[in-house]
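Engineer: Next come a sequence and a model predicted from it.
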Amino acid sequence: MIYRSKAPLRIGLAGGGTDVSPYSDEFGGAILNATISLNAYASIQLEKTGGITLQALDRNEIQQFDFSKTLPINGTVDLLKGVYNRIQKDYGFAHQNFTLSTFVDAPAGSGLGTSSTLVVAIIGAFVEMLKLPLGDYDIAHYAYDIERNDLSLAGGKQDQYAATFGGVNFMEFYNNDKVIVNPLRIRSEYISELENNLVLYFTATSRESATIIKEQQKNVVNKNEKSIEAMHQLKEQAKMMKEALLKGKLNEFGEILDFGFQQKRKMANNISNSNIENIYDAAKKAGATGGKISGAGGGGFMIFYCPQNTRYKVIETLNSFGGVVKPYAFTKNGLKTWSVH
């Protein structure tokens, strides 16, 4: 028997960083994001013998254990072990030989929410296997709790909810881990135009998002006015972009992205760097009206809004920097689970 799941990665469009505590606890955060046709996959295959095998196929990492209720967190396939340990703790299941395999369509640290989406996918496979009574909000919060509290990984809350719910969502974040997901009903022609004009570019570098996020958190704790004001502005940006998207004012999209890019750089030191600035400036010269670094910053993916037919000139320019433009489509569905005999 094999239990499978897949969950979509996301593009953060506006408000990035305002979902991170303590900012979201103190001031409330808001983010606009959309899931795309790149996924994290998880499958649990029951075996007759062999104990527990965990393998991250995209990272060539594998570990094997005799059956145990708790597996050691030691730097290899920790996301897989973290979910397993928590499921065992909360729902405990009897001795079982199985292989848990995962794969993600984008590199870790690339800014599309890979780690959190993978955690959601792994939870999904266990939900399918054990028939756990968890709804969308339960799964998203469970993933957040495992990452932030069990595994002590710094980060925000948006990725887990995007992966679980899917589609284009305006999300609100409050204290006591309260999250409200507002799915947006956007006309299909607006989505098609956005898809056509929004170029997704991988800078061919990954980064450790936790370092940037920890500095961002420290700036809030230390009442760094410049950093906090930037987060306030990014929250406003999410509202501006929501309105533009719902009303089909896509000609404003690039300017709203550009406004966010200027603000985001003020949140923490390593969000931008000379390579990112050079890429951004070149893309704008080629016809993009705005863009952003996806995720925490420092590298990974960037997006650029290219109105009319400027995308072709922008893509040609981006290719000269040694990265790669990634084809994608927006998706409506979140976490999906199924089983096969």
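Structural biologist: It's in.
Engineer: what's the neighbour count on Glu255?
Structural biologist: Counted by other C-beta atoms under 10 Å, the residues lying close to Glu255 total 14. All C-beta spots, glycine's among them, are computed from the backbone N, C-alpha and C.
Engineer: after the helix or strand hosting it, next one along is what?
Structural biologist: Secondary structure assigned from DSSP states H and E places Glu255 in helix 253-264. Scanning forward in sequence from helix 253-264 by DSSP H and E, the next helix or strand is helix 274-285.
Engineer: Strands of the stretch 51-200 of the chain, residue ranges please.
Structural biologist: 52-56, 61-65, 98-104, 168-173, 179-183, 198-202 (DSSP state E, counting those that start in this stretch).
Engineer: Nearest to Lys313 among these would be which one?
Structural biologist: strand 198-202 (10.7 Å; C-beta to C-beta).
Engineer: quick one, which of the strands of the stretch 51-200 of the chain is nearest to Gly124?
Structural biologist: strand 98-104 (11.2 Å).
Engineer: And for the closest one, what's in contact with it?
Structural biologist: 9, 39-47, 50, 52-58, 79-80, 84, 114, 117-118, 121-122, 125 (C-beta atoms under 8 Å, 6 or more residues apart in numbering).
Engineer: for the record, mean pLDDT for that strand?
Structural biologist: Per-region confidence: strand 98-104 scores 97 on mean pLDDT.
Engineer: cool, stretch 48-57 as well?
Structural biologist: Averaged across stretch 48-57, pLDDT comes to 95.
Engineer: Then stretch 116-134?
Structural biologist: 97.
Engineer: residues in contact with Ala140?
Structural biologist: 120, 160-161, 163-165, 179.
Engineer: quick one: it from Asn149, how far?
Structural biologist: 14 Å (C-beta to C-beta, to the nearest Å).
Engineer: returning to that earlier point: buried members of the contacts of strand 98-104 into PyMOL, please.
Structural biologist: Command for PyMOL, covering only those of these found buried under the criterion 16 or more other C-beta atoms under 10 Å:
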select buried, resi 9+39+40+41+42+43+44+45+52+53+54+55+56+58+79+80+84+114+117+118+121+122+125
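Engineer: Select from the contacts of strand 98-104 every entry located in helices.
Structural biologist: The helices, defined by DSSP state H, take in 79-80, 84, 114, 117-118, 121-122, 125 from the contacts of strand 98-104.
Engineer: got any ranges where the chain has weak pLDDT?
Structural biologist: The model of the chain has pLDDT under 70 over residues 205-213, 215-216, 267-272, 295-299.
Engineer: ok, which stretches of the stretch 101-250 of the chain are helices?
Structural biologist: 114-130, 136-145, 158-165, 188-197, 209-221, 225-247 (DSSP state H, counting those that start in this stretch).
Engineer: what about those helices, which gets the closest to Glu316?
Structural biologist: Smallest distance to Glu316 across those (C-beta to C-beta): 15.8 Å, for helix 188-197.
Engineer: Pop the domain breakdown of this protein in here.
Structural biologist: 2-185, 188-325 (automatic domain parsing).
Engineer: export these to TSV and tack on distance to Leu335?
Structural biologist: Below are the domains of the chain laid out as TSV (distance: least, C-beta to C-beta, whole Å):
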stretch	distance to Leu335
domain 2-185	5
domain 188-325	20
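Engineer: With just CA atoms, put stretch 243-258 into CSV.
Structural biologist: Below are the C-alpha coordinates for stretch 243-258, written out as CSV (Å, rounded to 0.1, in the frame of the first residue of the first chain):
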residue,chain,number,x,y,z
GLU,A,243,-7.6,45.7,-4.6
ALA,A,244,-5.7,46.0,-7.9
LEU,A,245,-6.0,42.3,-8.5
LEU,A,246,-9.7,42.1,-7.7
LYS,A,247,-10.5,45.1,-9.9
GLY,A,248,-8.2,44.0,-12.7
LYS,A,249,-6.0,47.1,-12.4
LEU,A,250,-2.9,45.1,-13.5
ASN,A,251,-1.2,48.2,-14.9
GLU,A,252,-0.6,49.1,-11.2
PHE,A,253,0.9,45.8,-10.4
GLY,A,254,4.5,46.6,-11.2
GLU,A,255,4.5,49.8,-9.3
ILE,A,256,3.0,48.1,-6.2
LEU,A,257,5.7,45.4,-6.4
ASP,A,258,8.4,48.1,-6.8
